[in-house]
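Novice: what follows is a protein structure lacking sequence information:
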């Protein structure tokens, strides 16, 4: 992986600490190298805001508090939470917690300090999560794990081994594109294919199959009940045009002005929509402070064909996505400090202000959001929307 200069220098101060966001979201110089058919038949489009006006936030209730970096979580129909605490502190373990309404948290899994614990999803009492060991420059382990209702924890798949053997995003080219031969740029922004990296950051557990948003591999993977990993889709690079201000800020030659820069897409979450497509949030490599514009996006991915469609872009740090039964898409904008809705035609509308929202889930007519995720006292709230 190349240097991460751009994102670390230009991103919002205090937020991009090690282990806080997907390793590849500010990687490679932050210029970026870096049974559904059956289920969908049982989805029924509802009435109301899915077809007309965007939903309105009515109220919020805190359902869990005193958490540490609850970047990903899940909630079941009874309101029970399964929360991943991916601790960046060298002396604090990463935890998978179970939180029942009105009860104290219970530790389900404990991982060593510095281990990423993300991609939390649940089904029928089972909890799926991903672990990552390494730093922003390299990864030494990336695994998909599962805890059974009786407490047994097993490895489902070795995501890093799959990445090392296949490197699906090698088909993408990151960095500056189409420069003249005499326009020489530093290696960390030179054109390069996707390299080997893996960070399971979002997951969706369905009967017989689990989908993984791999923020390091820049792809969406499927893992079957035997642990076989397959590539569903590689997300396209996120692009912007280099300006004179950018060139000056990083000491780049004037010949780069006007050129296209491709960033890693960095998928962060995956959910199933009522149309049978997967909805995937993307937090591209590069600064999310608005200096290059808001680069976050939400894509639709056909799980059968691998087709990828851009639903919406211009989001300020898309770290989580949720889809209601009537097709309304909700996205957590971490650096925008808000949650927004996306209509079926891609129109983005702010829903409400939340401090550092990261994970987001829809369950039983309520929207659950993890907030203040980099603060000393993070929480999860349940929001009523109409």
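Specialist: Everything's here; your move. Just so you know, these numbers come straight off a predicted model, no measurement behind them. Numbers count the residues shown, from 1 in each chain.
Novice: now do the contacts for the residue nearest the centre of the chain.
Specialist: The structure's the chain has its C-alpha centroid closest to residue 268; by CA atoms, centre = their mean the separation is 1.1 Å. For residue 268, the contacting residues are 22, 25, 201, 202, 213, 215, 281, 282, 283, 318, 319, 320, by CB atoms under 8 Å, 6 or more residues apart in numbering. C-beta coordinates here come from the backbone N, C-alpha and C atoms, glycine included.
Novice: if we go to 10 Å?
Specialist: 21-22, 25, 71-72, 118-119, 199, 201-202, 213-215, 280-283, 296, 317-321, 331-332, 334, 358-359 (CB atoms under 10 Å, 6 or more residues apart in numbering).
Novice: where does it sit: helix, strand or coil?
Specialist: strand (DSSP: H, G, I helix; E, B strand; the rest coil).
Novice: which residues touch the nearest residue to residue 257 once chain neighbours are set aside?
Specialist: In this structure, residue 257 finds its nearest non-sequential neighbour in residue 244, 5.1 Å apart by CB to CB, 6 or more residues apart in numbering. The contact partners of residue 244, taken as CB under 10 Å, 6+ apart, are 252, 254, 256, 257, 258.
Novice: over to residue 269?
Specialist: With CB under 10 Å, 6+ apart, residue 269 has these contacts: 71-72, 118-119, 121, 201-204, 213, 215, 279-283, 298, 318-322, 331-332, 358-361.
Novice: can we see that at 7 Å?
Specialist: By CB atoms under 7 Å, 6 or more residues apart in numbering, the contact set of residue 269 is 202, 213, 280, 281, 319, 320, 321.
Novice: that older thread, which one of the contacts of residue 244 sits in the busiest neighbourhood?
Specialist: Using other CB atoms under 10 Å as the neighbour criterion, residue 256 leads the contacts of residue 244 with 22 neighbours.
Novice: you'd agree it is up against residue 180?
Specialist: No: proximity of residue 256 to residue 180 does not meet the contact threshold set by CB atoms under 7 Å, at 9.9 Å.
Novice: can you show me the helices along the stretch 1-150 of the chain?
Specialist: For the stretch 1-150 of the chain, applying DSSP state H, counting those that start in this stretch gives helices covering 5-10, 36-40.
Novice: most remote residue from this structure's center?
Specialist: residue 182 (37.5 Å).
Novice: now do the phi/psi pair for the closest residue to that one other than its chain neighbours.
Specialist: Closest residue in space to residue 182, ignoring its immediate chain neighbours: residue 255 at 7.6 Å, by CB to CB, 6+ apart. Note on residue 255: backbone dihedrals following degrees, to the nearest 10 are phi -70, psi -10.
Novice: any idea how far residue 247 is from residue 255?
Specialist: Distance, residue 255 to residue 247, using CB to CB, to the nearest Å: 9 Å.
Novice: ditto for residue 60
Specialist: 44 Å.
Novice: now do residue 380
Specialist: 42 Å.
Novice: in terms of neighbours, single out the busier of the two.
Specialist: More neighbours surround residue 380 than the other of residue 380 and residue 247, with 23 against 18 (other CB under 10 Å).
Novice: the helix or strand that contains that one: which residues count as buried?
Specialist: Secondary-structure element containing residue 380, defined by DSSP states H and E: strand 378-385. Of the residues in strand 378-385, 378, 379, 380, 381, 382, 383, 385 count as buried by neighbour count, 16 or more other CB atoms under 10 Å.
Novice: one more: stretch 127-145?
Specialist: Neighbour-count burial for stretch 127-145 [16+ other CB under 10 Å]: 127-134, 136, 139, 142-145.
Novice: same thing with stretch 107-117?
Specialist: Buried-residue list, stretch 107-117, by 16+ other CB under 10 Å: 108, 109, 111, 114, 115, 116, 117.
Novice: ok, the second one touching residue 151?
Specialist: Pointing back at residue 109 there. No: judged on CB under 7 Å, residue 109 makes no contact with residue 151 at a distance of 9.2 Å.
Novice: okay, now the unreliable bits of the protein?
Specialist: 1-20, 23-52, 287-291 (pLDDT under 70).
Novice: quick one, longest helix in it?
Specialist: Using DSSP state H to define each element, the chain has its longest helix at helix 159-166.
Novice: circling back: inside strands: which ones of the buried residues of stretch 127-145?
Specialist: Assigned to strands by DSSP state E, the following of these qualify: 127-134, 139, 142-145.
Novice: mind putting these into JSON lines with distance to residue 79?
Specialist: JSON lines is the format used below for these (distance: CB to CB, whole Å):
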{"residue": "127", "distance to residue 79": "16"}
{"residue": "128", "distance to residue 79": "19"}
{"residue": "129", "distance to residue 79": "20"}
{"residue": "130", "distance to residue 79": "24"}
{"residue": "131", "distance to residue 79": "26"}
{"residue": "132", "distance to residue 79": "29"}
{"residue": "133", "distance to residue 79": "33"}
{"residue": "134", "distance to residue 79": "35"}
{"residue": "139", "distance to residue 79": "35"}
{"residue": "142", "distance to residue 79": "31"}
{"residue": "143", "distance to residue 79": "29"}
{"residue": "144", "distance to residue 79": "26"}
{"residue": "145", "distance to residue 79": "24"}
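Novice: and those residues, which is closest to residue 96?
Specialist: residue 129 (5.6 Å; CB to CB).
Novice: mind checking how far the closest one is from residue 250?
Specialist: In terms of CB to CB, residue 129 sits 37 Å off from residue 250.
Novice: correct me, but residue 216 touches residue 138?
Specialist: No: applying CB under 7 Å, one finds residue 216 not in contact with residue 138, separated by 10.4 Å.
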